[in-house]
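Got a sequence here, can you build the structure:
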Amino acid sequence: MIDPKEFYDSLLKNKFHFFTGVPDSLLKELCLCIKDLAPEEKNIIAANEGNSIALASGYHIVTGKYGVVYMQNSGLGNVVNPLLSLADEKVYEIPMLLIVGYRGEPGVKDEPQHKKQGELTLPLLDTLGIEYIMLDENFEEQIGYCFQYIEKNRKTIAMVVKKDTFAKYDKELDNQNSNELTREEVLETIIKSLDNKEYIVSTTGKTSREIFEIRDRNKMDHGNDFLTVGSMGHASSLALGMSLFSKANIYCIDGDGAFLMHMGGLAVAIQNAKDNFKYILVNNGCHESVGKQPTIAYQIEMDRILKGFGFQQVITVNTSRELTAGMEKIKQQGKTALIINTNDKSRKDLGRPTTSPKENKENFQKKIRSNK
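Modelled structure (predicted):
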């Protein structure tokens, strides 16, 4: 396994000094190392991976140096446009180094939302005309090769990182906040406040996993939940599409990282929503499942942003009592959003849904169609 600090030091040695991206579970230890060691202005955690391509491009235009963009392979979908219409050698010719976590690698057990992405990761890089190497123990030579490739060809190159490539970094990020509520207890309160003809669309990651387990241990119907296990940042648009063609209340339960990733989707959603579109933003201020890398959620005024989008009332929740009161209001009123501030803690024994995404869709579909 590769020591993250040795890898980081080798990047610096080869004149890679600027980092940006969206944290990934396979790159967790490297991302922790970069966050710990890089100057703040030289490691920008972006809202989405496409933003990172633009950030690295701006860095190169001013300095003439090459940026490093880290991402999960799911993020390749967000980078196709800026790679081809901004950075490509046939346009502005802005090369950079991509470090791509290889989720869903063929032959390696992974979650269903990563399987197709894993199958297409290397073919997609080929289609984009991006040379790639599989990162291994000869990383110092590989990093040197990447720099020389960029210098000679003026083209982007990628390092693809398999599971368990990086050893554990010797530090962890401090908790981002000391909020009273955990996300899981918030979700349980929300679920128990809804009736059998109200529905949840939950964002990707631990939110959907916790919702599944809450239903399971309370012997409740899973058919009321659409668990968006992938498609980070698109839950609000998904919920809008459902709410426009249903009389039922549709509750989008979002996370701060997902909210930031495709924020414009929510603005469009509330401008087109009926009163049955309900929005709940659970904010722990970090990308918890990939090492608690911080988001900017606690540095911006999200309540004012949501009001600017068109929500008539935005309620900020910090306590159990406020949560109960907030749920009563959002159930009764249209154009209302809840921002629920939580800590960054979750159970280490948290499982995953035992149904497939297709089974989840079919169960949800059957239930919501029967309640029209």
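
Helices of the chain, start to end?
4-13, 28-37, 49-63, 76-82, 112-127, 139-153, 183-193, 206-217, 235-243, 256-261, 263-272, 302-309, 320-332, 357-370 (DSSP state H).

in the third one, what counts as buried?
Neighbour counts over helix 49-63 (16 or more other CB atoms under 10 Å) mark Glu49, Gly50, Asn51, Ser52, Ile53, Ala54, Leu55, Ala56, Ser57, Tyr59, His60 as buried. Bear in mind the C-beta positions are built from the backbone N, C-alpha and C, glycine included.

Quick one: mean pLDDT over that helix.
Mean pLDDT, helix 49-63: 98.

any idea how far Leu83 is from Ile45?
Computed as CB to CB, to the nearest Å, the Leu83 to Ile45 distance reads 19 Å.

do Arg103 as well
Applying CB to CB to Arg103 and Ile45 gives a distance of 19 Å.

Ok, Ile300 next?
When Ile300 is compared with Ile45 (using CB to CB), they lie 14 Å apart.

Compare these two and say which is more crowded by neighbours.
Ile45 (23 against 12; other CB atoms under 10 Å).

Next up, the contacts around that one.
Thr20, Gly21, Val22, Pro23, Lys35, His287, Gln293, Pro294, Thr295 (CB atoms under 8 Å, 6 or more residues apart in numbering).

same thing with Ser57?
Neighbours of Ser57 in contact, by CB under 8 Å, 6+ apart: Gly67, Pro82, Leu86, Ala87, Tyr92, Ile94, Met96.

Leaving out the residues flanking it, which one is nearest to it?
The spatially closest residue to Ser57, leaving aside those adjacent along the chain, is Ile94, at 4.5 Å (CB to CB, 6 or more residues apart in numbering).

got it, and Ile53?
Pro82 (4.0 Å).

what's near enough to touch the one you found?
Counted by CB under 8 Å, 6+ apart, Pro82 has contacts Gly50, Ile53, Ala54, Ser57.

Pick out the most distant pair among these.
The two members of the contacts of Pro82 with the most space between them (CB to CB) are Gly50 and Ser57, at 10.9 Å.

Just read off the phi/psi values of the nearest residue to Thr204 once chain neighbours are set aside.
Distances taken as CB to CB, 6+ apart place Met232 nearest to Thr204, at 4.9 Å, with adjacent residues excluded. Taking degrees, to the nearest 10, you get phi -60, psi 130 for the backbone angles of Met232.
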